[in-house]
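In: generate coordinates for the sequence data below:
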Amino acid sequence: QVQLVESGGGLVQAGGSLRLSCAASGRSFRTYTMGWFRQAPGKEREFVATLSYIGNTYYTDSVKGRFTISRDNANNILYLQMNSLRPEDTAVYYCAARRPEVPPQIQNYDYWGQGTQVTVSS
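Out: I've put the predicted structure just below:
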């Protein structure tokens, strides 16, 4: 069992930066593949970035070069550093966890946080 709590969202001007954190409970944190997703008003939840327990990272094309996903296994924290933010990055951001052996589709993520709002003004 893994419980996830996001923090770090807020209001920022275009071009600014934010760092999201996701605090995880549960002894199995380091064995899970962790991901960040986001959902804008009226849109479906979409993949942003993922980080496997062995350190492999994947990003959606729109955030490559601007966002960085990382994890602190000693303290059970997942991060998303977001730079050069754009108004289209505005969304509720969620962290999620899945077992590494399952396919990466969103429906295979077993655990979700409650989300944190990120608003980027133009």
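
In: partner residues bridging the residue nearest to T57 when sequence neighbours are not counted?
Out: Spatial nearest neighbour of T57, chain neighbours left out: L51 (5.2 Å); criterion: C-beta to C-beta, 6 or more residues apart in numbering. C-beta: built from backbone N, CA, C; applies to glycine. For L51, the beta-bridge partners are M34, T57 (DSSP bridges).

In: any idea how far L51 lies from Q107?
Out: 19 Å (C-beta to C-beta, to the nearest Å).

In: what number of residues lie near Q81?
Out: Residues lying near Q81 (other C-beta atoms under 10 Å) number 14.

In: how close does it get to G42?
Out: Q81 sits at a distance of 27 Å from G42 (criterion: C-beta to C-beta).

In: so what sits opposite V92 in the bridge?
Out: Beta-bridge partners for V92, by DSSP bridges, are Q39, Q117.

In: distance check, it against S21.
Out: Distance, V92 to S21, by C-beta to C-beta: 15 Å.

In: with Q3 instead?
Out: 14 Å.

In: torsion angles phi and psi at the most centrally placed residue in the chain?
Out: Nearest residue to the geometric centre of the chain (C-alpha atoms, centre = their mean): W36, 2.1 Å. W36 has phi and psi values of phi -110, psi 140 when expressed as degrees, to the nearest 10.

In: residue contacts, the closest residue to it other than its chain neighbours?
Out: Leaving aside its sequence neighbours, W36 sits nearest to V48 (C-beta to C-beta, 6+ apart; 4.3 Å). V48 is in contact with G35, W36, F37, R38, Y59, T60, V63, F67, L80, Y93, counting by C-beta atoms under 8 Å, 6 or more residues apart in numbering.

In: could those go into a markdown table alongside pLDDT?
Out: As requested, the contacts of V48 are exported to a markdown table (pLDDT from 0 to 100):
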| residue | pLDDT |
| --- | --- |
| G35 | 96 |
| W36 | 98 |
| F37 | 98 |
| R38 | 98 |
| Y59 | 97 |
| T60 | 97 |
| V63 | 98 |
| F67 | 98 |
| L80 | 98 |
| Y93 | 98 |
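
In: kind regards, and thank you for your time.
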